[in-house]
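1. give me a 3D structure for the following:
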Amino acid sequence: NSSASLRSALRVQREESDREMKELEFEVSRERRQLATAEQSQTRRCKATSARLLQLRTEVRTARAGLAENNSLREETESRLQSLKGLEEATAFVLPRAQEALESTLR
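-> Take a look at the predicted model:
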């Protein structure tokens, strides 16, 4: 009788342990799914950030190239402006003399 009672108690304890084990397995499974979802989300964010960074690098390169071209054009414009100032000064010097020479020739 005590042997049957002991076996019954062991069976109840084993069933209880099995139930607890199934609950734990379910919790572990749920935690793994949540972790996988979080990892996928993190991976998507990382890829999006990498793509944006690549886009920004391209924009910076393009902006730098544009800036270099603008600087080159500015230098060229300044050089031409200096040439025009030189021509203006030469014209201001030569024109009155040429006009004077023409008037004296016509007299």
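
2. so how far is stretch 50-57 off the chain centroid?
-> In this view, stretch 50-57 has its centroid 3 Å away from the chain centroid, taken as C-alpha atoms, centre = their mean, to the nearest Å.

3. cool, stretch 53-69 as well?
-> Averaging C-alpha positions (C-alpha atoms, centre = their mean) puts stretch 53-69 11 Å from its chain's average.

4. just the mean pLDDT for that stretch, thanks.
-> Looking at stretch 53-69 alone, the average pLDDT works out to 98.

5. quick one: contacts of that stretch?
-> Residues outside stretch 53-69 that contact it (C-beta atoms under 8 Å, 6 or more residues apart in numbering): none. Where you see a C-beta, it was placed from the backbone N, CA and C, and this is true even at glycine.

6. give the buried residues for it.
-> Buried residues in stretch 53-69, defined by neighbour count with 16 or more other C-beta atoms under 10 Å: none.

7. with just CA atoms, put stretch 71-85 into CSV.
-> C-alpha atoms of stretch 71-85 as CSV (Å, rounded to 0.1, in the frame of the first residue of the first chain):
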residue,chain,number,x,y,z
ASN,A,71,36.4,78.0,-56.8
SER,A,72,38.0,77.4,-60.2
LEU,A,73,35.4,79.5,-62.0
ARG,A,74,35.8,82.3,-59.4
GLU,A,75,39.6,82.3,-60.0
GLU,A,76,39.1,82.4,-63.7
THR,A,77,36.6,85.2,-63.4
GLU,A,78,39.0,87.2,-61.2
SER,A,79,41.8,86.7,-63.7
ARG,A,80,39.6,87.9,-66.5
LEU,A,81,38.4,90.9,-64.4
GLN,A,82,42.1,91.8,-63.9
SER,A,83,42.7,91.6,-67.6
LEU,A,84,39.7,93.8,-68.3
LYS,A,85,40.9,96.3,-65.7
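
8. just the residues contacting it, thanks.
-> Outside stretch 71-85, no residue touches it (C-beta under 8 Å, 6+ apart).

9. with that, I have no additional questions.
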